[in-house]
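K.L.:
Below is the sequence, then the predicted model.
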Amino acid sequence: MEHKGARGRLAWLDAAKGVGIVLVVIGHAWTSIKVRDPIYAFHMPFFFIAAGYVAKPAPLWDFAVKQWRALGVPYIAFLVCLMAADPLIEWSRGFRPMFRDFGSAVQAGLMGGTSLHGPLTVFWFVPCLMIARLAQVMLYKLWPDARDWRWVLSMAVVAALGVWWGRESNFSPLGIIAAPVALAFLWLGALWRTVERDNWLLLLCVAVSAAAVLIYGPLAPLNMKYGDYGARPYVTLPLAVALSLALCWLMRLVAWRPFVALGRMSLVIMFLHVPMIHYLRPYFGVWNLTILAVIIPVAAFYLFDRTRMGRILFLGTR
């Protein structure tokens, strides 16, 4: 039973995204590796798997337009606003701005990905997601069923190439270096959707996750932005999948409404939490910083939702 909510959304999946985005905030706010590393072991793979779970074959042009409105427009709107605000904020605090001049800011904004840092460090995720999802829709034209053996073979090759690429380079305009592995995660999410009675699968992932913690101890972090999948990607990538599905199993049991709401606001929180942490870190302890990095983006979401232009530009809705 999938327990759909408003507009056919899956409440448990939104709840899992809500927990996931809170973990992303904690991972950026806390500097302790004991806190960060377990979160970095799966937090970004989870969001690609979740996106893959709801992915379906669609006409390429229609899908591209939908993606542009839902993700591309908010990406540009947040990026432009934050890049314009950064010099004003930093000068008022007596710090140097993120970019030394207008030209370098424009160049970094157009390049995206690894060219963006500081308060914009997470902006690689959305263009990477868009690229990977477009690739997935194009492959759906060839193989509409995610269970097709050609998906299995091609995704194994794509994931291997993605790991190799990440080891050879850390330059990633628009987050493209993470796109191959992201595509593999999207496919795994779509493949998971085809399993009708999946409780056994989720329980297996819970068991694997628990065993990994007991056997390996501290979990190895992944950094998809730079294509870093650890020294043993044949362990870290499957473990990221197991941890992601274990989280989803937990949220099927307890789809707490506040987490459902946070999941539906996750795009805004994704864009705004790092700027909050970046600018407020000197003035607050880590607990208060974490809370503010969630509350302020939530308040911004409700503010954007009050106007049609806010919904179009920042929420990707009409």
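P.N.:
Right, received. Where do you want to start? Residues are numbered from 1 along each chain as shown.

K.L.:
Show me where the protein dips below the pLDDT cut-off.
P.N.:
By pLDDT under 70, the low-scoring segments of the chain are 1-8, 217.

K.L.:
Could you rerun that using 50?
P.N.:
Across the chain, the ranges flagged by pLDDT under 50 are 1, 3, 5-6.

K.L.:
Look up phi and psi at the residue of it positioned farthest from its centre.
P.N.:
Centroid-distance maximum for the chain: Gly94 at 32.2 Å, with Cα atoms, centre = their mean. As for Gly94, its main-chain torsions (degrees, to the nearest 10) stand at phi 80, psi 20.

K.L.:
Now for it: which residues touch it?
P.N.:
Residues touching Gly94, when contacts are defined by Cβ atoms under 8 Å, 6 or more residues apart in numbering, are absent altogether. Any C-beta I mention is one placed from the backbone N, CA and C, and that applies to glycine too.

K.L.:
gap between it and Pro282?
P.N.:
Using Cβ to Cβ, to the nearest Å, Gly94 is found at 11 Å from Pro282.

K.L.:
tell me the SS of the nearest residue to Asp228 once chain neighbours are set aside?
P.N.:
Closest residue in space to Asp228, ignoring its immediate chain neighbours: Gly166 at 5.9 Å, by Cβ to Cβ, 6 or more residues apart in numbering. Secondary structure of Gly166, reduced to three states by DSSP: H, G, I helix; E, B strand; the rest coil: helix.

K.L.:
Start at 59, not 1
P.N.:
With the count now opening at 59, the last piece we talked about shows up as Gly224.

K.L.:
What is the neighbour count of Gly224?
P.N.:
Other residues near Gly224 number 23, with proximity taken as other Cβ atoms under 10 Å.

K.L.:
does Leu373 really touch Phe359, like I thought?
P.N.:
Yes. Judged on Cβ atoms under 8 Å, Leu373 makes contact with Phe359 at a distance of 7.2 Å.

K.L.:
Could you name every residue contacting both of those two?
P.N.:
By Cβ under 8 Å, 6+ apart, the residues touching both Leu373 and Phe359 are Val326.

K.L.:
Next, count neighbours for Leu146.
P.N.:
10.

K.L.:
Contacts for the helix or strand hosting it next, please.
P.N.:
Taking DSSP states H and E as the definition, one finds Leu146 inside helix 131-151. Outside of helix 131-151, the residues that reach it under the criterion Cβ under 8 Å, 6+ apart are 154-157, 163, 167, 170, 174, 176-178, 181, 184-185, 325-326, 329-330, 333, 337, 340, 370-374.

K.L.:
Please indicate which of those residues are buried?
P.N.:
When neighbours are counted using 16 or more other Cβ atoms under 10 Å, those contain these buried positions: 156-157, 163, 167, 170, 174, 177-178, 181, 184-185, 325-326, 329-330, 333, 337, 370-374.

K.L.:
Out of those, list just those in helices.
P.N.:
Ala163, Gly167, Val184, Pro185, Leu325, Val326, Phe329, Leu330, Pro333, Tyr337 (DSSP state H).

K.L.:
Just send these back as JSON lines, with distance to Leu301 too.
P.N.:
Rendered in JSON lines, the data for these read as follows (distance: Cβ to Cβ, whole Å):
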{"residue": "Ala163", "distance to Leu301": "37"}
{"residue": "Gly167", "distance to Leu301": "33"}
{"residue": "Val184", "distance to Leu301": "22"}
{"residue": "Pro185", "distance to Leu301": "25"}
{"residue": "Leu325", "distance to Leu301": "22"}
{"residue": "Val326", "distance to Leu301": "25"}
{"residue": "Phe329", "distance to Leu301": "24"}
{"residue": "Leu330", "distance to Leu301": "25"}
{"residue": "Pro333", "distance to Leu301": "27"}
{"residue": "Tyr337", "distance to Leu301": "31"}
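
K.L.:
Name the nearest of the residues you listed relative to Ala69.
P.N.:
Distance to Ala69 across these (Cβ to Cβ) is lowest for Leu325, with 17.6 Å.

K.L.:
give the contact list for Pro355.
P.N.:
Pro355 sits next to Met323, Val326, Ile327, Phe329, Leu330, His331, Met334 when contact means Cβ under 8 Å, 6+ apart.
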